[in-house]
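> Structure for this input, please:
(one chain, ligands or ions: 2)
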Amino acid sequence: MAKAQSRYVCQSCGAVAAKWAGRCEGCGAWNSMTEEVVEKTPGGLSASGRASRKLAFVDLHSESEPQPRLTCGLAEFDRVTGGGLVPGSAVLVAGDPGIGKSTLLLQVAARLTGSGAAPLARCAYISGEESIDQVRLRARRMGLSQAPVQLAAATSVRDILAALDGPEAMQVVIVDSVQTLYIDSLESAPGTVSQVRAATQELIRLAKKRGFSLLLVGHVTKEGQIAGPKVLEHMVDTVLTFEGDRGHHFRILRAAKNRFGPTDEIGVFEMTDAGLEEVANPSALFLAERRGNIAGAAVFAGLEGTRPLLVEIQALVSTSPLATPRRAVVGWDSGRLAMVLAVLEARCGLALAGQEVYLNVAGGLRIGEPAADLAVAAALVSAATGQEVPEETVIFGEIGLSGEIRPVSQVELRLKEAQKLGFTRAWVAPRGSRGAGRPKSGGDGLTIEEISHLQDLVARLEGPKRRALRVQPTAG
Ligand code: TYD
Ligand code: MG
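Ligands and ions are numbered 1, 2, ... in the order given. Prediction:
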């Protein structure tokens, strides 16, 4: 590292000061001054002593084969990274404290070094949070003590760089966590924006130079941001978030950004007392706690990346004593819920305005697909009318503002998964010309019923409480 000098830059207006201040003198913003390192270049760019080099432009096409990706053999992890780690790239694994990041990366390290199916790789695990004994203890509990992972406990970036910048470089370097690293030329404490940014920058620079894959662990702050705000996300090639509900055993690894693969893939793991176990069939896991048929529950056949995923959606509708009834959603978009409620009211004559509405995606999963609209509507209508959705039925379709049900993608994949899990009926969006000629029965005992309008769905769920909820629908 070159000898560095620091200055303080306002993150909102860019004003520069020599000393830290609580308030920026330029724009008056509070708490916006952060430390930045300046590396000395005498004079301006043109005045500097170094002669400029002429840039050599090249073609997009290349004759040489790119270096193969490193797969660790944990299929759930490899899929989320887009098919393995790219040499020279940086991956940030972010998540709440205690969610299992260290556990996951220790397992990845052990698999990479040969206890998995993949070819051997030289892999270093640098722990800044736990001592060597603590990591060893964890490895023993998980049965990984024999894996030839190079373990070190360090927090000084200078030391880490010196250890890694050698001829027989590592292929994978894991740093747990980036918030514990510090650069001694900066005054601020480890974990501050300037430290995290500078440390990451140095490590990424070395990763590119030596061609190793860098895996960084990052904690998420209370507000749900990766500490050292967005800066870190921009610097790395891939951001993986590791999520899960404290009350549940399973954890979901999701690609939030990936320069080398798709971002809609998820990996599902289950936390056991011997570490994380891959879940090859997540639908079965998410539906495991389903209690027969109850009003207000509907099974949605969704899609996460390339994988179909069945989840239960639960709704509760009850009369509210409040002037503004409460609406609470877990696992789905509240704006989308408001839209479905409005369409149910305006096009189907269900009076839901005075009702409290609670919606929950079972198991702690978060759904982003509009294809869940129809299943959400079914759960809501079923909760409101007291009429259960018929047994063993999966539902999917997008709802338009006039109440029409729109087709969704990957119908066959969703139906196949439903069939595999023993479902016998599917309420789906009309399949248009592509599906028109197909038999209505899926062959293996799956009856497919197309629903073209929301009124159609409401009619199927006429129940004991329906009359009380009736208002006059607007013509749609
Ligand atoms: P950890 O990987 O330390 O979390 P992070 O690095 O994200 O802070 O995991 C911590 C939790 O995982 C801890 O509460 C205990 C649990 N755990 C298990 O249930 N089984 C195990 O085999 C291990 C290693 C951890
Ligand atoms: Mg940890």
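> CA atoms for contacts and neighbours, from now on please.
Noted.
> What residues sit buried inside stretch 449-463?
Neighbour-count burial for stretch 449-463, counted by 16 or more other CA atoms under 10 Å, picks out 450-455, 457-458, 461-463.
> which helices and strands sit right next to the strand ranked longest in the chain?
Secondary structure of the chain per DSSP state E: the longest strand is strand 307-319. When contacts are defined as 3 or more CA pairs under 8 Å, 6 or more residues apart in numbering; DSSP states H and E, strand 307-319 sits against helix 282-286, strand 297-304, strand 355-361, helix 373-385, helix 411-420.
> what's in contact with the shortest one?
Counting contacts by CA atoms under 8 Å, 6 or more residues apart in numbering, the residues outside helix 282-286 that touch it are 268, 308-312, 362-363, 421.
> How about the longest one?
Under the criterion CA under 8 Å, 6+ apart, residues 295-300, 313-318, 336-337, 340-341, 344, 388-389, 395-399, 405, 457-458, 461-466, 469 lie in contact with helix 373-385.
> rewinding a little: who wins for proximity to ligand 1 among the helices and strands packed on strand 307-319?
helix 282-286 (17.4 Å; CA to the nearest ligand atom).
> Alpha carbons of the longest strand of the chain, as PDB, please.
The C-alpha coordinates for strand 307-319 follow below in PDB (Å, rounded to 0.1, in the frame of the first residue of the first chain):
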ATOM      1  CA  ARG A 307     -37.100 -23.700 -10.300                       C
ATOM      2  CA  PRO A 308     -40.800 -24.200  -9.500                       C
ATOM      3  CA  LEU A 309     -41.700 -23.600  -5.900                       C
ATOM      4  CA  LEU A 310     -45.100 -24.300  -4.200                       C
ATOM      5  CA  VAL A 311     -46.000 -22.200  -1.200                       C
ATOM      6  CA  GLU A 312     -49.100 -21.700   0.900                       C
ATOM      7  CA  ILE A 313     -50.700 -18.200   1.100                       C
ATOM      8  CA  GLN A 314     -52.800 -17.500   4.100                       C
ATOM      9  CA  ALA A 315     -55.300 -14.700   4.600                       C
ATOM     10  CA  LEU A 316     -57.400 -13.500   7.500                       C
ATOM     11  CA  VAL A 317     -60.300 -11.200   7.000                       C
ATOM     12  CA  SER A 318     -62.200  -9.800  10.000                       C
ATOM     13  CA  THR A 319     -64.500  -6.900  10.800                       C
END
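> What residues of it count as buried?
So, applying 16+ other CA under 10 Å, buried residues of strand 307-319: 307-317.
> Let me see the ranges of the strands in the stretch 151-300 of the chain.
For the stretch 151-300 of the chain, strands defined by DSSP state E, counting those that start in this stretch occupy the ranges 172-176, 213-219, 238-244, 250-258, 266-272, 275-278, 297-304.
> again with the stretch 1-150 of the chain
According to DSSP E, counting those that start in this stretch, the strands that the stretch 1-150 of the chain contains are 4-10, 16-17, 33-39, 90-95, 123-127, 150-153.
> Now do the buried residues in the last one.
Using 16+ other CA under 10 Å as the burial criterion, the residues of strand 150-153 that qualify are 152-153.
> Just the C-alpha atoms of it, please, in CSV.
Taking Å, rounded to 0.1, in the frame of the first residue of the first chain, the C-alpha atoms of strand 150-153 are listed here in CSV:
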residue,chain,number,x,y,z
GLN,A,150,-5.9,-22.7,5.1
LEU,A,151,-7.1,-20.9,8.2
ALA,A,152,-6.0,-17.6,9.6
ALA,A,153,-7.3,-15.1,12.1
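> what about that strand, distance to the chain center?
28 Å (CA atoms, centre = their mean, to the nearest Å).
> who's in contact with that strand?
Residues contacting strand 150-153 (CA under 8 Å, 6+ apart): 122-128, 130-132.
> Sheet partners, orientation included, of that strand?
strand 123-127 (parallel) (DSSP bridges).
> From the chain's centroid, how far away is the partner strand?
That offset, for strand 123-127, works out to 24 Å (CA atoms, centre = their mean).
> Same check on stretch 359-376?
15 Å.
> In it, which of the residues would be classed as buried?
359-367, 370-376.
> Same check on stretch 53-72?
Those would be 70-72, for stretch 53-72 by 16+ other CA under 10 Å.
> and G83, what does it touch?
Contacts of G83 by CA under 8 Å, 6+ apart are 69, 71, 261.
> at 7 Å instead, please
G83 makes contact with T71, according to CA atoms under 7 Å, 6 or more residues apart in numbering.
> Could you report the pLDDT at it?
Predicted confidence (pLDDT) for G83: 90.
> May I have the phi/psi pair for it?
Note on G83: backbone dihedrals following degrees, to the nearest 10 are phi 110, psi 30.
> Tell me what whatever residue of the stretch 251-400 of the chain ends up closest to ligand 1 is bridged to.
Nearest residue of the stretch 251-400 of the chain to ligand 1 (CA to the nearest ligand atom) works out as G275 at 3.4 Å. Taking DSSP bridges as the rule, G275 bridges to T272.
> Around it, count how many other residues there are.
19 (other CA atoms under 10 Å).
> Was I right to think it contacts R141?
No - the criterion here is CA atoms under 7 Å, and G275 misses it with R141 at 8.2 Å.
> Tally up the residues packed near G95, please.
Neighbours around G95, by other CA under 10 Å: 23.
> pLDDT value on it, please?
pLDDT, G95: 88.
> Tell me how far it lies from ligand 1.
Separation of G95 from ligand 1 (CA to the nearest ligand atom, to the nearest Å) stands at 6 Å.
> quick one, what contacts that residue?
218-220, 241-243.
> do that again at 8 Å, thanks
Contacts of G95 by CA under 8 Å, 6+ apart are 101, 218-220, 226, 241-243.
> Over to V172?
So V172 contacts 121-124, 212-215 (CA under 8 Å, 6+ apart).
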